[in-house]
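S.K.: Let me see the structure of the following:
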Amino acid sequence: QVHLVESGGALVQAGASLRLSCAASGGTFSTYTMAWFRQAPGKEREFVAASSWRTGSIFYADSVKGRFTISRDNAKATVYLQMNSLQPEDTAVYYCAAREGGFRSREYEYAYWGQGTQVTVSS
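M.R.: Down below sits the predicted model:
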């Protein structure tokens with residue numbers, strides 16, 4: 001059983017930066033594809049970014065490309081999401097997710113989830 005714990009969410013002003021962290025335990029972190037999803041109020045949860053263990057490839061949603069960066073430290077079993085130039089539309093609960101195998105962008109394909117961390121961007 002993989003356990004994921006996110007941290008780093010906060011209330012910030014537009015244009016600010018934040019770094020989210022997700023610490024994993026209970027599994028072989030280096031063999032998991034790790035992803036970030038987010039859910040804004042009244043909206044469905046959406047894919048943000050992912051790091052595939054299998055290929056080392058990185059994937060981003062178009063809405064965050066060029067502003068967000070996902071990275072992972074396998075030795076620390078931690079994945080990060082560096083978020084720059086934050087905008088009010090980035091306001092959401094951000095979730096870390098893990099799956100065995102390669103990259104997928106659909107939330108139902110991820111077996112393990114953290115509890116989420118709130119990011120609020122004021123204008």
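S.K.: OK, contacts around Ile70?
M.R.: Met34, Trp36, Ala49, Ala50, Ser51, Ile58, Tyr60, Val79, Tyr80, Leu81, Gln82 (CB atoms under 8 Å, 6 or more residues apart in numbering). C-beta here means a position set from N, CA and C on the backbone, and glycine is covered the same way.
S.K.: Burial check on Tyr94, number of neighbours?
M.R.: A count of nearby residues for Tyr94, using other CB atoms under 10 Å, gives 23.
S.K.: pLDDT at it, what is it?
M.R.: Model confidence at Tyr94, given as pLDDT, is 98.
S.K.: Just to check, it is in contact with Phe37?
M.R.: Yes: at 7.4 Å, Tyr94 counts as touching Phe37 under the criterion of CB atoms under 8 Å.
S.K.: Now do the shared contacts for these two.
M.R.: Common contact partners of Tyr94 and Phe37 (CB under 8 Å, 6+ apart): Val48.
S.K.: Look up how far Ser30 lies from the nearest residue to Ala92 once chain neighbours are set aside.
M.R.: In this structure, Ala92 finds its nearest non-sequential neighbour in Arg38, 3.8 Å apart by CB to CB, 6 or more residues apart in numbering. Computed as CB to CB, to the nearest Å, the Arg38 to Ser30 distance reads 25 Å.
S.K.: got the contact list for the residue nearest to the spatial centre of the chain?
M.R.: Among the residues of the chain, the one closest to the centroid is Trp36, at 2.1 Å (CA atoms, centre = their mean). The neighbours of Trp36, taking CB under 8 Å, 6+ apart as the test, are Leu20, Cys22, Val48, Ala49, Ala50, Ile70, Val79, Leu81, Tyr94, Tyr95, Cys96, Ala97.
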